[in-house]
Structures are given as structure tokens and as C-alpha cells.
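>>> just to be clear, the model below is a prediction. Sequence and coordinates:
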Amino acid sequence: MKIAIVGTGYVGLVSGTCFSEMGVDVTCVDVDKNKVQNLQNGIIPIYEPGLEELVRRNMAAERLHFTTDLREVLDDVEVVFSAVGTPPDEDGSADLKYVLEVARTIGRYINKYLVVVTKSTVPVGTAIKVKNTIQEELDRRGVNIEFDVASNPEFLKEGAAIEDFMRPDRVVVGVDSDQAKEIMTRLYRPFMLTNDRMIFTDIPSAEMIKYAANSMLATRISFMNDIANLCELVGANVNMVRKGIGSDSRIGTKFLYPGCGYGGSCFPKDVKALIKTAEQNGYEMRVLKSVEEVNEKQKTVLFDKFLKHFNGDVKGRIVAIWGLSFKPETDDMREAPSLILIDLLLEKGVTVKVYDPIAMDECKRRVGDRVIYCKDMYDATVDADALMLVTEWKEFRMPSWGVLNKSMVNHVVIDGRNIYDREEIERMGFTYYKIG
């Protein structure tokens, strides 16, 4: 089976590589000539564990190809996935210009039946726009070529995307024809022993499922952060509260961990887009508006604790930040809490020293030389007045408190992910703050 995937960003590259690993002949298409050339040379534009090895292996097996020209493969493929970006407009709605440009290209150059699948996260109703755009180009050409449009949202977790794609807990596909359903079933069959994890829906429902799923997860995070902040005020332990409610089978334990706010490419963007979709349809998503508000405030919580500890006297002090990416196992800093924290500290005249195992180059691109980049986690703490844990990378889980005791000037640890044990840290002479 031959397919094409337009867009070699996170979703497109992971999807194309995993399909090729299962024996599908995949051509990934991107308008960025430098990116395509780098990919052809085995240079990966993103960090994702295991991805580089898979790309090189499937390129060597001649199952994975890269090009800048979608036209050259349209006659050979059965399916074209659109995995281009849908960045938020200023009003929070998803920008569909890249999605519709792919549709226009397909309409101009297809010569046989094709299934056009939207993989990007797009608002409900996008499939209709894609279908109409393709049909307009066919009408302009004066040709009658059958095609189907489908929706196949992705549910990949950055840092675990290969595992998520190769062993999905569900595959959601929105279709409106039996032919498209048969082709999508055949394409995904290698990824599951049975098809009981394939969920076929109408297209609008498939488009809604991705937004609803991410918004639910974001809601759980903000809810738990709200509970954590209240726990601090009333003297309750949020970790005990989390265990107590998570043991309820109706609730479960996932995404009930308090922290310093969520970020990344999905949750913030998708929450905003769903709020905007509701507004465009005359409805107010009051819960999601609160979720967004709580999350933005939560990104300042480490700074607030720092300011309170030193009674506002922070100018000239030194802060070490461990972790810059929005989550472990990725270099992605989109909407990362670390960016808000850095800005707040710098505005108060604090010297900021940072370390992250992967995201240092991305931080340099976003922040420039306003912070001090350190060679390792301990280098960042030299002469520091406080250490802030922002991203829970594994190497930060068991630091040498003896080394930190000697390297830091003031022994203050502000834990944004609640990964440390209070008794152990305080026994070593540190003042410890956590979430909740």
C-alpha cells in the first residue's frame, strides 16, 4: 500500500515513519526544502525517543521517502494524509490556510480516486471545507473524479509517540463512505490484532473527539491544581487527596498530578479553539474558560512562592531552573511554564541559570542570552539562592543533596512537580516548597 503524508512536523513525521515500519510505502511531503533535504540525509528536525533510528531504518529499506512536490506522488498513492499545522489565530480559532492549500493542490492534480484524510487537529466542519475546496478545483478543471474525505485525529503523547502510534489504545476515523472505511481499516490493521480498537464515526464527531479529549485532560490538570492551591490554604496534603480520589474507579489516577501548569502544542491551542468554536455557534464554554484561567495563573505559582519566601527582596538574587521543556522526553517549549517563569524572574532583576537535558538549544532560540546556560544540573545551582524544578526529567529525581548543600548560597527548593520527599530534603537542611 502506498500513501502520502503532507507535513513533516511532529505528527506527520511520526505517523509516516510508523506506517513505513509496518510495511507501508510512505512519501512525506513538505514545502520546506531545507527540512526535506535534511531528512533525506537522516537529520531529524524534532526530538522524539526512537524516531531517528526508525527514520533511518525505513529510508534504508526504501519504504520511507521525502519530497517537496505532492504532485509527483498523487497518481501512485491510495491515501493522502494532511498533517500540516493549524496554528491559532489571534482570536484563538484554528488557522486552516495550510489545510485548505493542501486540499487545493489535491484538487488541481488528482487523476484517480483518493482518500484525503485530515490528521491535523481541526475544528468541526473542516472536512466539509476540504471537500468543497477539492471539488471547486475539479470543477475548474472540468473533470469528474471521485474522492472521499475522512478525519483521523492523532492522540500522540510527546516523548512516547512511537509507542502510542505502534500500539494505539484506539484509532478514531470519521468517514462517510464504505470505500473509505475499507481502505482505512486495511491501513491500520497491522497495528492491532483485532479491529476492536478502531472507532468509526461520522466525520464531525471524529473532529470533535480530539478537542474534547484534550480539553478533558486539561480540565483534570487545572482542577487538580485548583485543589492543590486550596490544600495549601487549609492545611491538607494534595498528594493524599490525589490518592484518595484517584482510587475511585469512576475517576482514576491519570492526569491528577498537580504542578506548575500545562503547556505544549496541544492542550493550550485546543482549549482555545474549542472555546472559539462554541462562540461561533452562540455557546459559551464556561468550564473551559475557567480551565484556561486556572492554568495561566498556575504558571506563576513558583515565582509567587519564591517572592514570598524572600519577602519580595529578590533583586540581584540567583535562581537555578531545572527543566525547560513543557514535559520530559521532548525539546518542545511551546506554552511551557518555564517561559513565563523566566520572564517574571528577569523582570524582578533576578539572575537566571538554566539546565535541561534536551531543550537548551530551543531555549536559546526563544530566550536568547537573557539567561545563563549551564553544562549540567549541578552547574546551574552554583551560588544559587533557590532551585526551581519545572520539568520532571528522570535525571532530576535523585539529586545529590550534599552537593547542592555546598553549591547553593540559600538552600531553597521550589518543586513544581512534587517529585521530592519533604522529610528527606528538610533533613538535609533545605527549605522545601511544593504544589499543595
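Arrived safely, thanks for sending.
>>> so what's the residue count around V143?
11 (other C-beta atoms under 10 Å). The C-beta positions use only the backbone N, C-alpha and C, and glycine is treated the same way.
>>> need the per-residue pLDDT for it.
At V143, the model reports a pLDDT of 96.
>>> same question for G85.
87.
>>> cool, E158 as well?
With respect to pLDDT, E158 has a value of 88.
>>> can you check A94 too?
Model confidence at A94 (pLDDT) stands at 77.
>>> now it: how far from S82?
Taking C-beta to C-beta, to the nearest Å as the measure, A94 falls 13 Å from S82.
>>> which one of these two is surrounded by more residues?
Taking neighbours as other C-beta under 10 Å, A94 and S82 compare with S82 leading, 28 against 23.
>>> didn't that one look like it was pressed against E101?
No - shown here, S82 and E101 do not form a contact pair, counting by C-beta atoms under 8 Å, at 9.6 Å.
>>> tell me where the stretch 151-300 of the chain has strands.
With DSSP state E, counting those that start in this stretch as the criterion, the stretch 151-300 of the chain has strands at 171-174, 198-201.
>>> any chance you could list what contacts stretch 355-362?
Contact with stretch 355-362 is made by 47, 320-325, 329-333, 354, 363, 373-377, 379-380, 391, 393, 395, as judged by C-beta atoms under 8 Å, 6 or more residues apart in numbering.
>>> 7 Å instead, please
47, 322-325, 331, 333, 363, 373-374, 376-377, 379-380, 391, 393, 395 (C-beta atoms under 7 Å, 6 or more residues apart in numbering).
>>> just the buried subset of the residues you listed, please.
Among those, those classed as buried by 16 or more other C-beta atoms under 10 Å are 47, 322-325, 331, 333, 363, 373-374, 377, 380, 391, 393.
>>> restricted to helices, list those residues.
Of those, the ones assigned to helices by DSSP state H are C363.
>>> now for the closest residue to V24 other than its chain neighbours, how many residues are close by?
Spatially, and ignoring its direct neighbours in sequence, V24 is nearest to M1 (5.2 Å; C-beta to C-beta, 6 or more residues apart in numbering). A count of neighbours around M1, defined by other C-beta under 10 Å, yields 15.
>>> just checking, M1 touches E78?
Yes - here M1 lies in contact with E78, judged by C-beta atoms under 7 Å, at a distance of 6.2 Å.
>>> what ranges do the helices span in the stretch 251-400 of the chain?
For the stretch 251-400 of the chain, the helices defined by DSSP state H, counting those that start in this stretch occupy 267-280, 286-298, 301-309, 337-347, 360-367.
>>> please identify the buried residues of the last one?
Across helix 360-367, burial judged by 16+ other C-beta under 10 Å covers 360, 362-363, 367.
>>> nearest to L288, of those residues?
E362 (28.0 Å; C-beta to C-beta).
>>> how many neighbours does the nearest residue to F303 once chain neighbours are set aside have?
Spatially, and ignoring its direct neighbours in sequence, F303 is nearest to L344 (4.4 Å; C-beta to C-beta, 6+ apart). As a burial measure, L344 scores 18 neighbours (other C-beta under 10 Å).
>>> what segments of the stretch 51-200 of the chain are helices?
Along the stretch 51-200 of the chain, the segments classed as helices by DSSP H, counting those that start in this stretch run 51-60, 97-109, 126-141, 161-166, 178-188.
>>> which strands and helices sit next to the longest one?
Read it as helix 126-141. helix 97-109, strand 114-118, strand 147-151, helix 203-234 (3 or more C-beta pairs under 7 Å, 6 or more residues apart in numbering; DSSP states H and E).
>>> swap in 6 Å and give it another go.
helix 97-109, strand 147-151 (3 or more C-beta pairs under 6 Å, 6 or more residues apart in numbering; DSSP states H and E).
>>> can I get the helices of the stretch 251-400 of the chain in JSON lines including mean pLDDT?
Shown next, in JSON lines, are those (pLDDT from 0 to 100):
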{"stretch": "helix 267-280", "mean pLDDT": "92"}
{"stretch": "helix 286-298", "mean pLDDT": "97"}
{"stretch": "helix 301-309", "mean pLDDT": "98"}
{"stretch": "helix 337-347", "mean pLDDT": "98"}
{"stretch": "helix 360-367", "mean pLDDT": "97"}
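>>> save the ones you listed as TSV, and put in distance to E232 too.
Formatted as TSV, the helices of the stretch 251-400 of the chain follow (distance: least, C-beta to C-beta, whole Å):
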stretch	distance to E232
helix 267-280	24
helix 286-298	13
helix 301-309	10
helix 337-347	18
helix 360-367	29
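>>> quick check: which of those is nearest to P168?
So among those, helix 267-280 is nearest, using C-beta to C-beta, at 18.9 Å.
>>> tell me how far the closest one is from the chain's mean position?
Relative to the chain's own centre, helix 267-280 is displaced by 16 Å; criterion: C-alpha atoms, centre = their mean, to the nearest Å.
>>> between it and helix 203-234, how many degrees?
Counting by axes from the mean of the first three to the mean of the last three C-alpha atoms, to 10 degrees, helix 267-280 lies at 120 degrees to helix 203-234.
>>> with only the CA atoms kept, save helix 267-280 in PDB.
As requested, the backbone C-alpha atoms of helix 267-280 are provided in PDB (Å, rounded to 0.1, in the frame of the first residue of the first chain):
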ATOM      1  CA  PHE A 267      -3.700  21.500  25.300                       C
ATOM      2  CA  PRO A 268      -3.400  25.300  25.200                       C
ATOM      3  CA  LYS A 269      -4.200  25.500  21.500                       C
ATOM      4  CA  ASP A 270      -7.100  23.000  21.500                       C
ATOM      5  CA  VAL A 271      -8.800  24.500  24.600                       C
ATOM      6  CA  LYS A 272      -8.700  27.900  22.900                       C
ATOM      7  CA  ALA A 273     -10.000  26.500  19.600                       C
ATOM      8  CA  LEU A 274     -12.900  24.700  21.300                       C
ATOM      9  CA  ILE A 275     -13.900  27.900  23.200                       C
ATOM     10  CA  LYS A 276     -13.800  29.800  19.900                       C
ATOM     11  CA  THR A 277     -15.900  27.100  18.100                       C
ATOM     12  CA  ALA A 278     -18.500  27.400  20.800                       C
ATOM     13  CA  GLU A 279     -18.600  31.200  20.500                       C
ATOM     14  CA  GLN A 280     -19.000  30.900  16.700                       C
END
